[in-house]
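A.B. asks: After the sequence you'll find the predicted model.
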Amino acid sequence: MYDFIAAGDIVTDAFIKLKDASVSCDINREHCTITMAFGAKIPYESVEVVRAVGNSSNAAVSCSRLGLKSALVTNMGDDQNGRDCLESLKKDGVATDFVSVHRGKETNYHYVLWYESDRTILVKHQEYDRTFPDIGSPRWLYLSSLGGDTLLYHRQITEFVKNHPDISLAFQPGTFQIQLGKDELKDIYARTKIFFCNVEEAEKILGLDTLGTNELLKRIHELGPEVVVITDGPKGAYVFDDKNMWHQPSYPDPKPPFERTGAGDALASTTVAALALGKDLETALKWGMVNAMSVVQQVGAQKGLLTRPQIEEYLKNAPADFKTRKLK
């Protein structure tokens, strides 16, 4: 039996570090655009290719490094990119029993425009003839980003979790899952034990903004998840479990973030891993914050993922203000 199985699309990211660009933001730096010369040859600094990433792949690798028996449910092509992704998963101890390889198809390949400490990702999800496999009864199923051709596939997943009430479900919706809307995925929300998204994603899911974090937590909770975690970048995460609402600050960065890809995945998957290892929710979120801090110090979503002893060492040396604060 697996401790943790993640389901979602796998991808290779090519990080293109830009030299000549500019960023324009609104007064609150909430809506920003990147600008480059049009119709010109634009120099770049470097390219780094990172295999076997994507929200769910990142989660599976995170949990494997933390000592859980981890597997991934995903679809890919039979190209060299796919073979390289499979090899990367195996090196990280992630079981590939539930990886479906499609003959004549390509594996997802995204381009990451990396400028300063942030990035813009050019994405293309390949379409596959998908069937959700019989994964048995893992302790946790982690559902995240899937492509736009997966409405019927989501219905298969919904049916599976309905028929396996013993499995704890973690849900971190990706772009298409948010676009599908809360009504289309109402049975997934209702079945979710712990839910993760950021503030902007919560507003899109609810079709509302300017509510404030506390109200977002309550309204997402009303959709069905037992525990709701909403992140707000460097400000940390806000949590509601129907009884208590609290704020967990970020773990302080030892130096300015190098590249921010994968911080949300690290927080969510590490929190779930800690819960699977018997930690309480407050402690689990602290684990997640430590791994999120580590990930942004490296390129890509996996290089900075820590082992359990490394996380425990960071927590042992945590600053005095790294404390949970209950909200009214």
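C.D. replies: That came in fine, so what should we check first? Note that the coordinates shown come from a computational prediction; the quantities given were computed from them, not determined experimentally.

A.B. asks: quick one: the helices in the protein?
C.D. replies: If DSSP state H is used as the criterion, the helices of the chain fall at 55-65, 80-91, 151-163, 175-180, 186-191, 199-206, 213-221, 263-276, 281-295, 308-316.

A.B. asks: Okay, residue 1 and residue 168: tell me how far apart.
C.D. replies: Taking Cβ to Cβ, to the nearest Å as the measure, residue 1 falls 13 Å from residue 168. Every C-beta, even on glycine, is put in place using the N, C-alpha and C of the backbone.

A.B. asks: again with residue 243
C.D. replies: Residue 243 sits 18 Å away from residue 168 when distances are taken as Cβ to Cβ.

A.B. asks: Of these two, which one has the most company?
C.D. replies: Neighbours of residue 243 and residue 168, each counted by other Cβ atoms under 10 Å, are more numerous for residue 168; the result is 20 against 5.

A.B. asks: That one: what's its closest spatial neighbour, skipping adjacent residues?
C.D. replies: Counting by Cβ to Cβ, 6 or more residues apart in numbering, residue 193 is the residue found nearest to residue 168 once chain neighbours are left out, at 4.5 Å.

A.B. asks: tell me the contacts of the one you found?
C.D. replies: When contacts are counted by Cβ atoms under 8 Å, 6 or more residues apart in numbering, residue 193 touches 168-170, 225-227.

A.B. asks: Also residue 108?
C.D. replies: Contact criterion Cβ under 8 Å, 6+ apart gives 9-12, 54, 76, 124-126, 147 as the residues in contact with residue 108.

A.B. asks: Need the contact partners of the least confident helix or strand in the chain by mean pLDDT.
C.D. replies: None of the helices or strands of the chain scores lower by mean pLDDT, DSSP states H and E than strand 118-122, at a mean of 87. Outside strand 118-122, the residues that touch it by Cβ under 8 Å, 6+ apart are 13, 15, 34, 110-113, 259-261.

A.B. asks: what does stretch 302-322 give?
C.D. replies: Identification of contacts with stretch 302-322 by Cβ under 8 Å, 6+ apart yields 50, 52-53, 58, 61-62, 65-67, 92, 249, 251-252, 262, 266, 270, 277, 286-287, 289-291, 293-298.

A.B. asks: quick one on the thing from earlier: quick one, which of the contacts of strand 118-122 are buried?
C.D. replies: The neighbour count (16 or more other Cβ atoms under 10 Å) marks 13, 15, 110-113, 259-261 as buried among the contacts of strand 118-122.

A.B. asks: Select from these every entry located in strands.
C.D. replies: Using DSSP state E, the subset of the buried ones among the contacts of strand 118-122 located in strands is 13, 15, 110-113.

A.B. asks: Now flag whichever of those is closest to residue 29.
C.D. replies: When those are compared for distance to residue 29 (Cβ to Cβ), residue 113 comes out closest, at 18.3 Å.

A.B. asks: Could you check how far the closest one is from residue 84?
C.D. replies: Using Cβ to Cβ, one obtains 22 Å as the distance from residue 113 to residue 84.

A.B. asks: One more: residue 61?
C.D. replies: Counting by Cβ to Cβ - residue 61 and residue 84 are separated by 15 Å.

A.B. asks: For stretch 130-139, give the mean pLDDT please.
C.D. replies: Taken as a whole, stretch 130-139 has a mean pLDDT of 97.

A.B. asks: which outside residues touch that stretch?
C.D. replies: 1-5, 7, 71, 73, 75, 98, 100, 141, 149-150, 152-153, 156-157, 160, 164, 166-168, 276.

A.B. asks: repeat that for 10 Å
C.D. replies: Contacting residues not belonging to stretch 130-139 are listed as 1-7, 68-71, 73-75, 97-100, 102, 141, 146-147, 149-150, 152-160, 164, 166-168, 272, 275-276 [Cβ atoms under 10 Å, 6 or more residues apart in numbering].
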